[in-house]
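Engineer: Below: sequence and its predicted model.
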Amino acid sequence: MSQHWNVLLREKVNETNFILAKYQNYNSRDQWNCICSSMDWLDVGMTNIDKALDELKSSDGLETCMKFYQYICCIDIVWESIYQLHRVFINPQTVPFKNQSNVFQRKIFDQDDNGYFKEIRSCFGAHSVNLNSRQEFGLKFASWSTHDGTPTEMSVLLYSNIPNSGFEKVTVTVDELKKFYETRCQYIQQIINAIDNIAFDYKKEMQNSVIPKSNDLIEQITILKNASQQRFGGGILIEELEQMERFLTTNFCCEKNTDAIEAFRQKVILGIGEIYDCFQNMNVDCNLEIEKLLLPQYMPHDNHFGYECANLYSKVILKIWKTYDVNSIKIPLEKYICFEYKTEEELYWLTVIGLSLAQDDLRERT
């Protein structure tokens, strides 16, 4: 089955965020959309081609004519998608297999295999009543396609608009079309190899480009959010950066919490450095301490704490309207933090700080 080629391709494209970052705005064009469209239509063509061939073999009469064209269309969809991926990843100025003529054996037009396949597609259905003209033959119009006892070899007659000029016959076998299809599918390996090289070069390029540093924490977070967009196409650690920004801009009213808040703040500062190093080194496949700090692993099991805390998170961080019971959140953490607050934002961060301080105790209870 040819579908495994597109599975390998998708895995390679999504192996890192480098391809998204590089091609979502490349030479002032969103080529990421072209990549995604091509992979989607590869799925369409590859998923249906075996079924199309089975239906062709079991067809008869004019149904065979349509089923043969359906089979050709599956091949054409796959070939066009591969060609687009070649243009993105390898060379927009070249065409794979150009000038090669080792597939179709009974050509009536002097073209390479790429061009002749398009002629076959036109004659067998795509433009069968409005074919390109040739000076010596005039305008061409195709008959319906037929086969001699077996649908694995199909023919179509091409008529001319020049009186008494006769006709030409185009014949093609399923084996020839299979060979054309399979060689193009195998070309996906070259595209995969090209993606490997592109990702390697892109990573090196970004590693050699130094992310600016700032003593202003909010400005540094903004720089890192921009770096996430530029280096990874956005989405990488953006939520964490935005949460750190919100913590650093939250006003706390209770002086009893000063030491706990400052200790948490220092950990957030270390987290900014962690993310900076990850982005600079182009390595986000690591477990960061800041992620554990912002989303503590262990939760109290009493008073529906997890449910109520999730609702508080949804309302404050995600801006989704939710109700929550304050006491269910406060009571399990009151020994760790003083719950004096003026805003929901402050309540949320006091909860996170309290959870952070309670992790050792909560771990022992699990």
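Structural biologist: Yes, it's here.

Engineer: distance between stretch 200-212 and the chain's centre?
Structural biologist: 22 Å (CA atoms, centre = their mean, to the nearest Å).

Engineer: The chain: strands as residue ranges?
Structural biologist: 131-134, 138-142, 146-147, 153-160, 167-173 (DSSP state E).

Engineer: out of the ones you listed, nearest to residue 41?
Structural biologist: Closest of the strands of the chain to residue 41 is strand 167-173, at 22.9 Å (criterion: CB to CB). (Each C-beta comes from the backbone N, C-alpha and C, glycine too.)

Engineer: where's residue 347 relative to residue 244, distance?
Structural biologist: Here the criterion is CB to CB, to the nearest Å. By it, residue 347 lies 18 Å from residue 244.

Engineer: So which of these two has more stuff around it?
Structural biologist: Neighbours were counted for residue 347 and for residue 244 using other CB atoms under 10 Å; residue 244 has more, 25 against 18.

Engineer: Could you report the pLDDT at that one?
Structural biologist: pLDDT recorded at residue 244 is 97.

Engineer: cool, residue 60 as well?
Structural biologist: According to the model, residue 60 carries a pLDDT of 82.

Engineer: can you check residue 164 too?
Structural biologist: 67.

Engineer: Can you add mean neighbour count, mean pLDDT and distance to residue 18 and give the strands of the chain back as TSV?
Structural biologist: Output for the strands of the chain, formatted as TSV (neighbours: other CB atoms under 10 Å; pLDDT from 0 to 100; distance: least, CB to CB, whole Å):
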stretch	mean neighbour count	mean pLDDT	distance to residue 18
strand 131-134	14	61	42
strand 138-142	17	69	47
strand 146-147	18	84	49
strand 153-160	19	85	45
strand 167-173	18	85	42
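
Engineer: Low-confidence bits of the stretch 201-350 of the chain, can you list those?
Structural biologist: 303 (pLDDT under 70).

Engineer: And the helices in it, which stretches?
Structural biologist: For the stretch 201-350 of the chain, applying DSSP state H, counting those that start in this stretch gives helices covering 217-232, 238-248, 258-281, 289-294, 305-316, 326-330, 344-365.

Engineer: just checking, what packs against the last one?
Structural biologist: Packing contacts for helix 344-365, counted by 3 or more CB pairs under 8 Å, 6 or more residues apart in numbering; DSSP states H and E, involve helix 238-248, helix 258-281, helix 305-316, helix 326-330.

Engineer: Flag every buried residue along that helix.
Structural biologist: By neighbour count on 16 or more other CB atoms under 10 Å, the buried set for helix 344-365 is 345-359, 362.

Engineer: Ok, the second one next?
Structural biologist: Of the residues in helix 238-248, those scored as buried under the neighbour-count criterion (16+ other CB under 10 Å) are 240-241, 243-245, 247.

Engineer: now swap in the third one and tell me
Structural biologist: Buried residues in helix 258-281, counted by 16+ other CB under 10 Å: 260-261, 264, 267-268, 271-272, 274-276, 278-280.

Engineer: Leaving out chain neighbours, which residue sits closest to residue 174?
Structural biologist: Excluding the flanking residues, the one nearest residue 174 by CB to CB, 6 or more residues apart in numbering is residue 152, at 4.3 Å.

Engineer: looking at it, that neighbour is touching residue 171, isn't it?
Structural biologist: No - counting by CB atoms under 8 Å, residue 152 does not reach residue 171; the two are 11.6 Å apart.

Engineer: quick one: pLDDT of residue 143?
Structural biologist: Note on residue 143: pLDDT of 79.

Engineer: Around it, count how many other residues there are.
Structural biologist: 15.

Engineer: pretty sure it is touching residue 156, no?
Structural biologist: Yes - in this structure, residue 143 is within contact of residue 156 by CB under 8 Å, at 5.8 Å.

Engineer: Might you report the residue contacts of the closest residue to residue 181 other than its chain neighbours?
Structural biologist: In this structure, residue 181 finds its nearest non-sequential neighbour in residue 75, 4.7 Å apart by CB to CB, 6+ apart. Neighbour list for residue 75: 45, 49, 117, 177, 180-181, 184 [criterion: CB atoms under 8 Å, 6 or more residues apart in numbering].

Engineer: how close does residue 182 sit to residue 82?
Structural biologist: With CB to CB as the criterion, residue 182 and residue 82 are 12 Å apart.

Engineer: can you pull the contacts of the nearest residue to residue 358 once chain neighbours are set aside?
Structural biologist: Sequence neighbours aside, residue 336 is the residue nearest to residue 358 in space, at 4.9 Å (criterion: CB to CB, 6+ apart). With contacts defined as CB under 8 Å, 6+ apart, the neighbours of residue 336 are 260, 353-354, 357-358.

Engineer: repeat for residue 170
Structural biologist: So residue 170 contacts 108, 119-120, 123-124, 142, 155-158 (CB under 8 Å, 6+ apart).
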